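Novice: Predicted structure and sequence below. I'll ask about it afterward.
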Amino acid sequence: MQFKILKKDGFARTALLETKRGVIHTPAFMPVGTNGTVKAMTPEEVRDIGYEIILSNTYHLYLRPGHETIKEIGGIHRFINWQGPILTDSGGFQIYSLASLRKITSEGVEFRSHIDGSLHFISPERAIEIQIALGSDIMMVFDECVPYPAEKQYVEKSIKLTKDWAERCKNYFEKQRTNQSLFGIIQGGVYDDLREKSLEEIVKIGFDGYAIGGLSVGEPKEDMYRVVKNVTPLMPEDKPRYLMGVGDLIDVLHAVEHGIDMFDCVMPTRNARNGTLFTSRGRISIKRSEFKDDSTALDPECDCYTCRNYTKAFLRHLYMCREILSMRLNTIHNLYFYCKFFEKMRTAIAEGRFQDFKKEWLPVLEKNFS
Ligand SMILES: Cc1cccc2c(=O)nc(N)[nH]c12
Ligand SMILES: [Zn+2]
């Protein structure tokens with residue numbers, strides 16, 4: 001995997017992340033495809049909007065249909081019909097946020113499936129074994145995502161576990177010699193000293209890229225911003241920096257300003273399915289009665305398929321009827337809004353205009369995300 005920085009503008013940077021399945025222009029947004037699908041979209045629609053990489057989840061695919069099944073079929077790219085790069089999260093976060101009856105020991109995590117209550121155990125080695133079977137291009141280490149709030153001594157113990165697990169993931173991966181990449185994850189809660197300690201430990205082990213985990217888990221925005229501001233410049237400059245689970249585009253703008261390259265979040269897709277749409281005029285809740293007879297496009301400044309072909313009246317009608325097409329048309333638009341924002345942001349950085357871009361867009365983003 002090659003990471004080539006093209007242009008810097010302050011701490012913000014544009015780069016090319018070159019994988020064997022294609023190039024990713026960063027800063028990049030990764031639509032979330034938890035069960036192997038970006039919900040309501042075909043892979044072609046996601047690619048035609050302009051996305052180059054999607055995220056999928058080890059935890060979900062391990063539980064259903066099973067990583068061996070996917071391996072038998074020919075790997076995750078064949079299974080989901082996405083030929084571009086795929087990043088898989090390791091399951092640590094999903095076990096913490098979805099599974100029940102978790103028991104965390106130094107060996108790994110025992111949990112009951114959120115699907116059928118069956119008992120499972122995932123160790124760091126197993127988390128890598130599963131991702132190797134899936135064949136994703138970028139794998140994540142198995143970490144303990146520290147909940148918020150958490151006592152400092154709990155976080156101190158937890159970053160030691162995350163470090164030990166990261167070492168075990170790398171050792172196991174190195175014995176397999178696949179041509180996949182492995183990213184480390186920095187934890188440490190909202191404690192600056194523990195964040196720096198975790199960063200040093202994870203960077204010392206050495207990975208193809210580094211993620212900031214343990215944020216967007218309910219902590220106050222000012223804590224998230226402080227951690228991103230303090231930790232990001234300390235992360236290796238020549239490797240991709242990934243802020244997990246973020247986020248709304250105000251948070252994205254702040255993180256890019258401090259040097260983050262990669263993002264994933266269910267924000268555009270989940271909100272679309274609930275009828276909450278992001279537009280150049282601000283957030284729209286399409287179910288509102290004011291749109292019942294509105295023959296105008298969702299967003300006059302958007303040229304996505306939805307905005308070019310349908311009226312607000314029809315989008316509201318579809319939503320009120322709970323039609324499947326409602327989810328599809330809304331998702332197309334929100335993903336397009338995010339994708340175009342990232343494209344414009346990359347251009348602004350490339351042209352040394354990031355601060356102007358931020359000034360121009362913050363008022364629009366405030367009307368969508370605050
Ligand atoms: C997806 C995601 C969001 C937010 C946080 C995390 C995290 O801490 N660790 C992992 N592995 N994934 C995360
Ligand atoms: Zn649109």
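Specialist: Great, that's in hand. Ligands and ions are numbered 1, 2, ... in the order given.
Novice: How much space separates L194 from ligand 1?
Specialist: 14 Å (C-beta to the nearest ligand atom, to the nearest Å). For every residue, glycine as well, the C-beta is placed using N, CA and C.
Novice: Could you check which helix or strand contains that residue?
Specialist: Here L194 sits within helix 192-205, counting by DSSP states H and E.
Novice: I would like the residues contacting that helix, please.
Specialist: Applying C-beta atoms under 8 Å, 6 or more residues apart in numbering, the set of residues contacting helix 192-205 from outside is 152, 155-156, 159, 162-163, 166-167, 170, 184-189, 210, 226-227, 230-231, 234-236.
Novice: Which neighbours in the sheet does the helix or strand following it have, and how are they oriented?
Specialist: Helices and strands here follow DSSP H and E; after helix 192-205, the next one along the chain is strand 209-212. Sheet pairing of strand 209-212 (DSSP bridges) gives strand 181-186 (parallel), strand 241-243 (parallel).
Novice: out of those strands, which comes closest to S280?
Specialist: Minimum separation from S280 across the strands paired with strand 209-212 (C-beta to C-beta) falls at strand 241-243, 24.8 Å.
Novice: show me the residues around R316 that make contact.
Specialist: By C-beta under 8 Å, 6+ apart, R316 lies in contact with I286, K287, R288, F291, K292, D294.
Novice: make it 6 Å
Specialist: Shown in contact with R316 (C-beta atoms under 6 Å, 6 or more residues apart in numbering): I286, F291.
Novice: Now the helix or strand containing it: buried residues?
Specialist: If you go by DSSP H and E, R316 is part of helix 312-320. Neighbour counts over helix 312-320 (16 or more other C-beta atoms under 10 Å) mark K312, F314, L315, R316, H317, L318, Y319 as buried.
Novice: ok, back up a step: show me which of the contacts of helix 192-205 neighbour ligand 1.
Specialist: Filtering the contacts of helix 192-205 for proximity to ligand 1 by C-beta under 6 Å from any ligand atom leaves I185.
Novice: Buried by neighbour count, from the contacts of helix 192-205: which ones?
Specialist: Burial by neighbour count, judged by 16+ other C-beta under 10 Å, picks out 155-156, 159, 162-163, 166-167, 170, 184-189, 210, 227, 231, 235 from these.
Novice: one step back: would you turn the buried residues of helix 312-320 into a markdown table with distance to S370 and pLDDT?
Specialist: Formatted as a markdown table, the buried residues of helix 312-320 follow (distance: C-beta to C-beta, whole Å; pLDDT from 0 to 100):
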| residue | distance to S370 | pLDDT |
| --- | --- | --- |
| K312 | 22 | 98 |
| F314 | 29 | 99 |
| L315 | 23 | 99 |
| R316 | 24 | 98 |
| H317 | 29 | 98 |
| L318 | 27 | 98 |
| Y319 | 23 | 98 |
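Novice: Tell me the one of the residues you listed nearest E72?
Specialist: L318 (38.1 Å).
Novice: beta partners of the residue of the stretch 251-370 of the chain found nearest ligand 1?
Specialist: At 6.4 Å from ligand 1, D264 is the closest residue in the stretch 251-370 of the chain, using C-beta to the nearest ligand atom. Beta-bridge pairing of D264 under DSSP bridges involves M30.
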